[in-house]
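Novice: A predicted structure for the sequence below; I have some questions about it.
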Amino acid sequence: MRKYAWKNGSNNFGQAILNKYCLTSQRCCWLPSKAAVIVIALMGILQSILHISFFFTGLDLLVHAGVHEIFSQIIIHTYAVIAILLFSLHILLLIAALIYSEPLILLYQWSMIFYSAIDFVFFLFMSFVSDLISALILCSIYIIYWTLFYIFIFSVINGFRRNIHTIVIVIT
């Protein structure tokens, strides 16, 4: 069987793509990369808890915003499932940061890319079942959120992952 080496010398396809196309950062808000990733994980856990709380309070808000009762039920239940997925991903990131695990960080990064696709479909559904103004606001929030996530948070996590990879190469 023939093995292919990517341009950066890695045999791992996921690492090669992330190394080539993702931004990296060594510091975030004057914190070293490990501390920044831990803060990102804790903020993500808090964010997912807020998403889970939407399950209990969101039905009245959605009905008041003009979404039909049936679609409101679908939205809050889907939101709860997505929030549990987000919670588990940030727990995974916290564990990966604490034990310096590059494979777990890779799993987190690819899972967040998958999560963003699910989130995009969900926001499109919410946009189609609501009125035009709410749809524009939701799509704007989605675009701003994921752009900021990619520029700031994903680059810090990718920089930490590359630091772990560099430490392993230097030690071996």
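Specialist: Sure thing, it's come through.
Novice: helix or strand right after the helix or strand bottoming out on mean pLDDT in the chain?
Specialist: Within the chain, no helix or strand scores below strand 27-28, which has a mean of 53 by mean pLDDT, DSSP states H and E. Of the helices and strands lying after strand 27-28 in sequence (DSSP states H and E), the nearest is strand 31-32.
Novice: contacts for that next one, please.
Specialist: V39 (CB atoms under 8 Å, 6 or more residues apart in numbering). For glycine as for every other residue, the C-beta is placed from the backbone atoms N, C-alpha and C.
Novice: can you dump the C-alpha coordinates of stretch 87-105 into PDB?
Specialist: The C-alpha coordinates for stretch 87-105 follow below in PDB (Å, rounded to 0.1, in the frame of the first residue of the first chain):
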ATOM      1  CA  PHE A  87     -21.500  21.200  26.000                       C
ATOM      2  CA  SER A  88     -19.800  17.800  25.300                       C
ATOM      3  CA  LEU A  89     -17.500  19.400  22.800                       C
ATOM      4  CA  HIS A  90     -16.300  22.000  25.200                       C
ATOM      5  CA  ILE A  91     -15.800  19.400  27.900                       C
ATOM      6  CA  LEU A  92     -13.700  17.600  25.400                       C
ATOM      7  CA  LEU A  93     -11.700  20.800  24.700                       C
ATOM      8  CA  LEU A  94     -11.200  21.300  28.500                       C
ATOM      9  CA  ILE A  95      -9.900  17.800  28.900                       C
ATOM     10  CA  ALA A  96      -7.600  18.100  25.900                       C
ATOM     11  CA  ALA A  97      -6.200  21.400  27.200                       C
ATOM     12  CA  LEU A  98      -5.500  20.000  30.600                       C
ATOM     13  CA  ILE A  99      -3.800  16.800  29.400                       C
ATOM     14  CA  TYR A 100      -2.100  18.300  26.300                       C
ATOM     15  CA  SER A 101      -3.800  15.900  23.900                       C
ATOM     16  CA  GLU A 102      -3.400  16.800  20.200                       C
ATOM     17  CA  PRO A 103      -5.800  14.100  19.000                       C
ATOM     18  CA  LEU A 104      -8.600  15.400  21.300                       C
ATOM     19  CA  ILE A 105      -8.000  18.900  20.100                       C
END
